[in-house]
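Peer 1: structure, please.
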Amino acid sequence: MPPAPERARRLNLTTLAKLCVLTALMFGFGFAMIPIYKKICEITGVNFLTREESGNAEIARNTQVDTSRTITVEFDANHQGVWQFKPERRSIEVHPGELVTIDYELINGQSREMSGQAIPSYAPAVSAEHFRKIECFCFRQQTLGPNETRRFPVVFMVDPRLPANVSTITLSYTFFEVGAGMQPQLPQTRLSVAERVI
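Peer 2: Numbering: from 1, shown residues only. Purely as a prediction, here's the structure:
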């Protein structure tokens with residue numbers, strides 16, 4: 001039987017060899033994950049990006065975007081109180097599955113700090129479950145200082161599973177002042193699209 005120091009040295013060398021092999025395997029697995037992930041996405045059709053040639057440039061295209069269909073998204077802004085509130089555009093044409101950003105402008109014309117909350121609504125009602133907001137100022141209360149103007153992005157996508165008979169969606173926000181003891185409430189009546197003034 002070899003002496004204790006010799007056994008300890010052999011044990012250390014064996015452990016070192018195992019750690020080196022494990023490190024090499026982990027490094028190789030990290031490199032292999034990218035093509036494996038792409039292949040899984042290609043097979044399942046989930047979040048798959050294909051490469052298209054455009055002149056000398058390669059363009060990534062999300063295959064989940066339905067380019068055969070166009071939806072008109074109308075933007076509406078209402079407010080309760082002294083706010084000034086409007087979208088940067090009244091409408092936009094989008095493809096289902098396409099990631100889109102639109103800005104809303106909010107102005108506190110008062111000489112005091114004010115907090116408010118936006119409540120969204122959708123028309124037709126069936127579109128609500130197919131309108132996916134990724135980023136929205138309506139997720140939380142917003143506070144503006146005296147006479148402050150701010151722009152808020154809304155990042156959204158229309159689900160490709162939107163019923164085929166829906167070609168127009170109206171996204172409407174109503175902005176309410178909130179504070180101690182105040183809670184935002186939906187207005188009792190809604191104006192028609194023709195009566196809305198931005």
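
Peer 1: tell me the average confidence for stretch 126-141?
Peer 2: Model confidence over stretch 126-141 averages 91 on the pLDDT scale.

Peer 1: mind listing what's buried along it?
Peer 2: Burial within stretch 126-141, assessed by neighbour count using 16 or more other C-beta atoms under 10 Å, is assigned to 127, 130, 131, 136, 137, 138. Heads up, the C-betas are built off the backbone N, CA and C, glycines and all.

Peer 1: gap between the second one and residue 155?
Peer 2: Meaning residue 130. Distance of residue 130 to residue 155, computed by C-beta to C-beta, to the nearest Å: 16 Å.

Peer 1: show me this protein divided up by domain.
Peer 2: Here the domain parsing of the chain from automatic domain parsing is 4-62, 71-183.

Peer 1: least confident of those, on average?
Peer 2: For the domains of the chain, the stretch scoring lowest in mean pLDDT is domain 4-62; its value is a mean of 70.

Peer 1: residue 105 pairs with what?
Peer 2: In this structure, residue 105 bridges to residue 86, residue 151 when assessed by DSSP bridges.

Peer 1: residue 83 is in contact with that one, correct?
Peer 2: No: under the criterion of C-beta atoms under 8 Å, residue 105 is not in contact with residue 83, lying 10.4 Å apart.

Peer 1: neighbour count: those two, which is higher?
Peer 2: In terms of neighbours (other C-beta atoms under 10 Å), residue 83 is the more surrounded of residue 105 and residue 83; the figures are 21 against 14.

Peer 1: contacting residues around the more buried one?
Peer 2: If you count contacts by C-beta atoms under 8 Å, 6 or more residues apart in numbering, residue 83 has them with 106, 107, 108, 109, 114, 116, 175, 177.

Peer 1: can you pick out the most distant pair from the buried residues of stretch 126-141?
Peer 2: Farthest pair in those (C-beta to C-beta) is 130 and 137. Separation: 20.9 Å.

Peer 1: can I get the contacts of residue 83 in TSV with secondary structure and neighbour count?
Peer 2: Converted to TSV, the contacts of residue 83 look like this (DSSP: H, G, I helix; E, B strand; the rest coil; neighbours: other C-beta atoms under 10 Å):
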residue	secondary structure	neighbour count
106	strand	23
107	strand	16
108	strand	24
109	coil	13
114	strand	20
116	strand	23
175	strand	23
177	strand	17
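
Peer 1: from what I see, residue 173 and residue 116 are in contact.
Peer 2: No: shown here, residue 173 and residue 116 do not form a contact pair, counting by C-beta under 8 Å, at 10.6 Å.

Peer 1: helix, strand or coil for residue 166?
Peer 2: Put simply, residue 166 is coil when judged by DSSP: H, G, I helix; E, B strand; the rest coil.

Peer 1: shouldn't it be in contact with residue 123?
Peer 2: No: here residue 166 does not reach residue 123: they are 10.1 Å apart, not a contact under C-beta under 8 Å.

Peer 1: who has more neighbours, those two?
Peer 2: residue 123 (16 against 13).
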